[in-house]
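Student: Okay, here's the prediction I keep looking at, along with the sequence it came from:
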Amino acid sequence: MTSLPTHTEKSLGLVIDLDTCVGCHACVTACKGWNTENYGAPLADTDAYGANPVGSFLNRVHSFEVQPDSGPAQLIHFPKSCLHCADAPCVTVCPTGASYKRVEDGIVLVNETDCIGCGLCAWACPMVPARWTRRKA
Ligand code: SF4
Ligand code: SF4
Ligand code: SF4
């Protein structure tokens, strides 16, 4: 298992205002594009335009319908991107040290050369899609 640093010089994270998120999925598309087209490995799609599309995403948006006591039903959109948790379970569960928190700024990263693809980090992440998702679209 991998230890978190005892301290970080900064504690950067990601904050999303759910009151203003409209669930447009632009962040999902941008994330997939960035990680597919730049330094990362392809995030594959299967049967993307067919009857049973399946794809891999590092971010996605869940939308929930809520019914207030009075007034019309409302949609709440919940983008599930990595929040770079202070006490990141995806790091402490990693058997190889591939998943780590950067001391300089607190950002959580994966060193691809040390990753064995065991998937433990994905199971440990409370935001599961933040780390690794295969889903039916
Ligand atoms: S889905 Fe993503 S890009 Fe769209 S409004 Fe919400 S946070 Fe912003
Ligand atoms: S991958 Fe999940 S557990 Fe790890 S820092 Fe991001 S949100 Fe937190
Ligand atoms: S999949 Fe890779 S980064 Fe995730 S826990 Fe396993 S070795 Fe660590």
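Tutor: Looks like it arrived, so ask away. Ligands and ions are numbered 1, 2, ... in the order given.
Student: show me where this protein has helices.
Tutor: Taking DSSP state H as the criterion, the chain contains helices spanning 26-37, 89-92, 120-124.
Student: With respect to burial, which of those scores highest?
Tutor: Greatest average neighbour count among these goes to helix 89-92 (a mean of 20), per mean count of other Cβ atoms under 10 Å. Yep, even glycine has a C-beta here, placed from its N, CA and C like the rest.
Student: how distant is that one from the center of its chain?
Tutor: Per Cα atoms, centre = their mean, to the nearest Å, the displacement of helix 89-92 from the mean C-alpha position of its chain is 13 Å.
Student: before we move on, back to that, now for the helices of the chain, which one comes closest to ligand 1?
Tutor: With Cβ to the nearest ligand atom, the closest approach to ligand 1 among those belongs to helix 26-37: 3.3 Å.
Student: Show me what the closest one is packed up against.
Tutor: Helices and strands touching helix 26-37, as assessed by 3 or more Cβ pairs under 8 Å, 6 or more residues apart in numbering; DSSP states H and E, comprise strand 54-57.
Student: Between the helices of the chain, which one is closest to residue 1.
Tutor: Shortest separation from residue 1 across the helices of the chain is recorded for helix 89-92, at 5.8 Å, computed as Cβ to Cβ.
Student: What is the closest one packed up against?
Tutor: Using 3+ Cβ pairs under 8 Å, 6+ apart: helix 89-92 touches strand 99-101, helix 120-124.
Student: now the ones you listed in JSON lines, with mean pLDDT and distance to residue 69?
Tutor: Below are these laid out as JSON lines (pLDDT from 0 to 100; distance: least, Cβ to Cβ, whole Å):
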{"stretch": "strand 99-101", "mean pLDDT": "96", "distance to residue 69": "42"}
{"stretch": "helix 120-124", "mean pLDDT": "91", "distance to residue 69": "37"}
